[in-house]
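A.B. asks: 3D, please:
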Amino acid sequence: NNAGTHQWALSQIMSLQPSSEGMVYFEYDRSIHVPGWNKMWEALTGEPSPSMVSRTFFIERLKKAGANFYSGIDWGYSNPSTCVTIAVDRKDNIYVIDAIGRTLTNDSDWVDIIKRNIHTKYDCQMYCPDSESKSGIDFFRKAELPVVEIDKGPGTVRDGINSVKKFLKVPGTNRDTKIYFAPDLFSAIPDVPGILEEMSLYHKETDQTGKILDDKNPVKEHDHYLDALRYVIYWLFGKKTGKFLMAGAEKEAKSSHIPSLEEIARMQGIQYTDNREQFTSMGKQDDKDPDDDPGAGGGSGGLKVAWT
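C.D. replies: Residues are numbered from 1 along each chain as shown. Presented below is the predicted three-dimensional model:
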């Protein structure tokens, strides 16, 4: 039993000896959970996909379908600060569509990067950062971005992991999943894992004999993106207590389901225009890849939110 050893980790990242032994997310199967843009389109629409679906085309389709976007954030410095962005459709399918990371970046600069590179693309409904950095949360507030202070009490790591697992393999089914990862999220930097590599590298603690310790939290490595993913999924779908923090307002919310836009608006005094319905009646002519049409313009569609 070499789970958790350097040899085990190296074999995993190099895909030489694939094994689920000791993996936290042993349910993860690249062929199922990273199926490609066309299969993700079919999961979203329930219809056959066009011949070639690109990232841009799929994101536009998510917005037209009324999907909402949320991000989890893990703080770092020598280790990367990370931001994982998901979209949730009306069937509660999760699409992990962005995962960015950067080392040697202070919290203020990281929030600025997120605002310029993530919020402008996806207009996220909520940001769910690691609540241990109070200053980081304050930078979100100063940037006028919607942020929640998530609960990190005893047992929340395990509860959060279980929340992710329920989407990787839906209970009571054979191999059904409700979470899909964008196919371009593999790391482009040798020996530096991205979120998809971490799915196979994140492993459980072991004792000196190699026995897996299921009652312990996982080893604190290869978890920078996965912690961010866990924060946002746990806040949306797990048993959680959180405080919505925005523009000086602070209210506590306890819920075990994804909050509706109306709930967020009511709790935060948010004004928004929900224009999703206009897209549900759009015809087939709208399902044309904007990447294939240089003249295609217009807005991103989906929900338009004005935070106050």
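
A.B. asks: got a list of what Ser133 touches?
C.D. replies: Taking Cβ atoms under 8 Å, 6 or more residues apart in numbering, we find Ser133 in contact with Trp75, Asp107. In short, each C-beta sits where N, CA and C put it, glycine included.

A.B. asks: Just to confirm, what confidence does the model report for it?
C.D. replies: In this prediction, Ser133 carries a pLDDT score of 91.

A.B. asks: Could you do the one 10 residues further on as well?
C.D. replies: In this prediction, Ala143 carries a pLDDT score of 97.

A.B. asks: now Ile59
C.D. replies: 97.

A.B. asks: Which secondary structure element is home to it?
C.D. replies: Per DSSP states H and E, Ile59 falls inside helix 55-64.

A.B. asks: list the buried ones in that helix?
C.D. replies: Residues of helix 55-64 classed as buried: Phe57, Phe58, Ile59, Glu60, Arg61, Leu62, Lys63, Lys64 (neighbour count, 16 or more other Cβ atoms under 10 Å).

A.B. asks: just stretch 226-243 next, same as before
C.D. replies: For stretch 226-243, a neighbour-count test (16+ other Cβ under 10 Å) marks 226-238, 240, 242-243 as buried.

A.B. asks: What of stretch 106-116?
C.D. replies: In stretch 106-116, counting by 16+ other Cβ under 10 Å, buried: Asp107, Trp110, Val111, Ile114, Lys115.

A.B. asks: who touches the closest residue to the last one other than its chain neighbours in this structure?
C.D. replies: In this case it means Lys115. Nearest residue to Lys115, sequence neighbours excluded (Cβ to Cβ, 6 or more residues apart in numbering): Ala143, at 5.2 Å. Taking Cβ under 8 Å, 6+ apart, we find Ala143 in contact with Val111, Asp112, Lys115.

A.B. asks: for Val34, same thing?
C.D. replies: Tyr180, Phe181, Ala182, Pro183, Leu185, Leu196.

A.B. asks: Does the fifth one touch Ile100 like I think?
C.D. replies: Just to be clear, that refers to Leu185. No. Taking contacts as Cβ atoms under 8 Å, Leu185 lies outside contact range of Ile100: 9.8 Å.

A.B. asks: Which one of the buried residues of stretch 106-116 is nearest to Tyr95?
C.D. replies: Within the buried residues of stretch 106-116, proximity to Tyr95 (Cβ to Cβ) peaks at Ile114, which comes in at 18.6 Å.

A.B. asks: what distance separates the helix or strand where that closest one lies from the centre of its chain?
C.D. replies: Secondary structure assignment for Ile114, by DSSP H and E: helix 107-114. Relative to its chain's centre, helix 107-114 lies at 18 Å (Cα atoms, centre = their mean, to the nearest Å).

A.B. asks: One more: stretch 35-54?
C.D. replies: 19 Å.

A.B. asks: Go through that stretch and flag the buried ones.
C.D. replies: Neighbour-count burial for stretch 35-54 [16+ other Cβ under 10 Å]: Pro35, Trp37, Met40, Trp41, Ala43, Leu44, Ser49, Pro50, Val53.

A.B. asks: Name the nearest of the buried residues of stretch 106-116 relative to Arg90.
C.D. replies: After measuring those against Arg90 - Cβ to Cβ - the closest member comes out as Ile114, at 25.7 Å.

A.B. asks: gap between the closest one and Phe139?
C.D. replies: Per Cβ to Cβ, to the nearest Å, Ile114 is found 10 Å from Phe139.

A.B. asks: Kindly report the same for Arg102.
C.D. replies: 15 Å.

A.B. asks: In terms of neighbours, single out the busier of the two.
C.D. replies: Phe139 (22 against 14; other Cβ atoms under 10 Å).

A.B. asks: So for that one, what's the pLDDT?
C.D. replies: On the pLDDT scale, Phe139 gets 97.

A.B. asks: what's the nearest residue to it if we skip its chain neighbours?
C.D. replies: Val111 (4.2 Å).

A.B. asks: residues touching the closest residue to Thr103 other than its chain neighbours, list them.
C.D. replies: Nearest residue to Thr103, sequence neighbours excluded (Cβ to Cβ, 6+ apart): Pro80, at 5.0 Å. Taking Cβ under 8 Å, 6+ apart, we find Pro80 in contact with Gly101, Arg102, Thr103, His224.
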